[in-house]
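**Student:** Everything below, folded, please.
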Amino acid sequence: MELKEQSYMLAIEKYEGIKSAAEALHISPPALSVSLSNLESRIGARLFDRLGKRFIPTEIGKLYLKNAREMMRIREQYERELAQHKNGTAGTVRFGIHPRRTLNLLAPVLTEFAIKYPEVQVHPFEGSSPRMYELLFDGELDFIIVNYVNNDPHLKYLPLYQDKLVVVLSDSYSVAEQSVLLPNQTIPWIDLSHFNGERFILQKPDQSSRFFEEQAIAWSQAKPGQIFIIENMESACQMAAEGYGIAFTFEHYIRHFSYEKNITYYLAGDVNLAVNYYIVSRDGKFIPDYTHELIDIIKRYC
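**Tutor:** Numbers count the residues shown, from 1 in each chain. Okay, here's the model as predicted:
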């Protein structure tokens, strides 16, 4: 099933130009330019506005590209089903995962999977939850691992594991007496209002962890003195270890975190609210056996 024309136009959209798109497609820029011109002549309308060196889709271009993505998705599903029926041992899996969650997870998972399916290519995409959902809807990812629920009815959610938000402190803070070990918990809980006026180290607003951090702060009615923003949660924990401020992470992460200076962890916010992680896929999308196997391995290691 050939969709060369559609793949060419989608590459121009992705790279916003002829040269970079041609390089990605392994064809010459003049050949790609001629293909675009011929298609626009056949349609009788421009698909892209030329703004300097950038190619921006017109309204007709957006309509074409929307349907081109759907055609590519159908082709991919056909090829997957065909491969599954032929032998089920070759193919490609593309999934999304938060960058911090790849540590101590991808290495054993991919190694075990490769032993059983050496001819299946695996392409993890590391990004934020909104971006992963976007790529999932566009058909560019087979499934994603997230802790943020999008209520679209065309999605399927497979529970993966539950986590808890924890606050990270330098051991210079003498707050042990203010903490409480709650029933069925292994980490003591502390009220974030004890740190009113302190510097709070938070993640960016588009990161799912930021939602849970703000939820805990609001629940405790804490009043940070200053907010410092950093994307990398591990760096935030290191800053907390140095005494730069109050950071947050998840209980699952602290099993593998280490730093030269001592730090202490406390549960924060409403401990009855678990942070739920899911494997999310599009409802009705064909999932080969090898993808199910990869998901099972991920569940086992999580």
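
**Student:** domains of the chain?
**Tutor:** Per automatic domain parsing, the domain ranges recorded for the chain read 1-86, 89-159+275-302, 165-273.

**Student:** List every C-alpha atom in stretch 214-225, with coordinates, as PDB.
**Tutor:** C-alpha atoms of stretch 214-225 as PDB (Å, rounded to 0.1, in the frame of the first residue of the first chain):
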ATOM      1  CA  GLU A 214       0.000  22.200  43.200                       C
ATOM      2  CA  GLN A 215      -2.800  19.900  44.400                       C
ATOM      3  CA  ALA A 216      -0.700  19.000  47.500                       C
ATOM      4  CA  ILE A 217       0.200  22.700  48.200                       C
ATOM      5  CA  ALA A 218      -3.500  23.800  47.900                       C
ATOM      6  CA  TRP A 219      -4.700  20.900  50.100                       C
ATOM      7  CA  SER A 220      -2.200  21.900  52.800                       C
ATOM      8  CA  GLN A 221      -3.000  25.600  52.300                       C
ATOM      9  CA  ALA A 222       0.800  26.100  52.200                       C
ATOM     10  CA  LYS A 223       2.200  29.500  51.100                       C
ATOM     11  CA  PRO A 224       5.500  29.300  49.300                       C
ATOM     12  CA  GLY A 225       7.800  32.300  49.700                       C
END
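
**Student:** And what about residue 144, helix, strand or coil?
**Tutor:** Following DSSP: H, G, I helix; E, B strand; the rest coil, the label given to residue 144 is strand.

**Student:** wait, it sits on residue 97?
**Tutor:** Yes. Residue 144 is within contact range of residue 97, at 7.2 Å (criterion: Cβ atoms under 8 Å). Yep, even glycine has a C-beta here, placed from its N, CA and C like the rest.

**Student:** And these two? Which one has more around it.
**Tutor:** Between residue 144 and residue 97, counting by other Cβ atoms under 10 Å, residue 144 is the more crowded of the two (25 against 20).

**Student:** any idea how far the residue nearest to the more buried one when sequence neighbours are not counted lies from residue 270?
**Tutor:** Leaving out its chain neighbours, the residue that sits closest to residue 144 by Cβ to Cβ, 6 or more residues apart in numbering is residue 96, at 3.7 Å. Residue 96 sits 28 Å away from residue 270, taking Cβ to Cβ, to the nearest Å as the criterion.

**Student:** how far out from the middle of the chain is the helix or strand where residue 219 lies?
**Tutor:** Element membership of residue 219 [criterion: DSSP states H and E] is helix 208-220. In terms of Cα atoms, centre = their mean, to the nearest Å, the centre of helix 208-220 is set 19 Å apart from its chain centre.

**Student:** cool, and stretch 111-118?
**Tutor:** Offset of stretch 111-118 from its chain centre (Cα atoms, centre = their mean): 23 Å.

**Student:** Which residues does it contact?
**Tutor:** Residues outside stretch 111-118 that contact it (Cβ atoms under 8 Å, 6 or more residues apart in numbering) are 89, 120, 122, 290, 293-294, 297.

**Student:** From those, keep the buried residues only.
**Tutor:** Buried subset of these (neighbour count, 16 or more other Cβ atoms under 10 Å): 120, 122, 290, 293-294, 297.

**Student:** All the strands of the stretch 201-302 of the chain, in order from the start?
**Tutor:** Under the criterion DSSP state E, counting those that start in this stretch, the stretch 201-302 of the chain carries strands at the ranges 226-229, 247-250, 263-267, 275-282.

**Student:** Could I get these in TSV, plus columns for distance to residue 45 and mean pLDDT?
**Tutor:** Below are the strands of the stretch 201-302 of the chain laid out as TSV (distance: least, Cβ to Cβ, whole Å; pLDDT from 0 to 100):
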stretch	distance to residue 45	mean pLDDT
strand 226-229	44	96
strand 247-250	50	93
strand 263-267	59	90
strand 275-282	31	92
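
**Student:** returning to that earlier point: overlap of the contact sets of residue 144 and residue 97?
**Tutor:** Shared contacts of residue 144 and residue 97, counting by Cβ under 8 Å, 6+ apart, come down to residue 132.

**Student:** Buried residues in the lengthiest helix in the chain, which are they?
**Tutor:** Looking across the chain with DSSP state H, the single longest helix is helix 59-86. Residues 61, 64-65, 68-69, 71-73, 75-76, 80, 83-84 are the ones in helix 59-86 that count as buried (16+ other Cβ under 10 Å).
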